[in-house]
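Asker: Provided below are the primary sequence and the corresponding predicted coordinates.
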Amino acid sequence: MRGALDLAPERVRSFGLDAVNDALAYAAAHGGPFDRTALTPGAR
């Protein structure tokens, strides 16, 4: 499809709120255009 954005390389890593320091370290090390880091209340 022309003009469509391919989201296949999109990566999301979730961390629980108690792991905020781990989430920040992960985000700093994985700052690519398709790398996302999320804080969630119930993440494992």
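Answerer: Looks like it came in fine. Numbers count the residues shown, from 1 in each chain.
Asker: phi, psi for P9 please.
Answerer: Backbone geometry at P9, expressed as degrees, to the nearest 10, gives phi -80, psi 0.
Asker: how close does it sit to R36?
Answerer: 11 Å (Cβ to Cβ, to the nearest Å). No exception for glycine: its C-beta is placed from N, CA and C like everyone else's.
Asker: show me where this structure has its helices.
Answerer: 20-29 (DSSP state H).
Asker: low-confidence ranges, it, go.
Answerer: Across the chain, the ranges flagged by pLDDT under 70 are 1, 42-44.
Asker: what do you get if the cut-off is 50, keeping everything else the same?
Answerer: 43 (pLDDT under 50).
Asker: how far away is the residue lying closest to P41 once chain neighbours are set aside from L5?
Answerer: Spatial nearest neighbour of P41, excluding adjacent residues (Cβ to Cβ, 6 or more residues apart in numbering): L17 at 5.9 Å. For L17, the distance to L5 (Cβ to Cβ) stands at 30 Å.
Asker: D35 too?
Answerer: 16 Å.
Asker: more neighbours: which of these two?
Answerer: Ranked by neighbour count (other Cβ atoms under 10 Å), D35 and L5 place D35 first, with 15 against 7.
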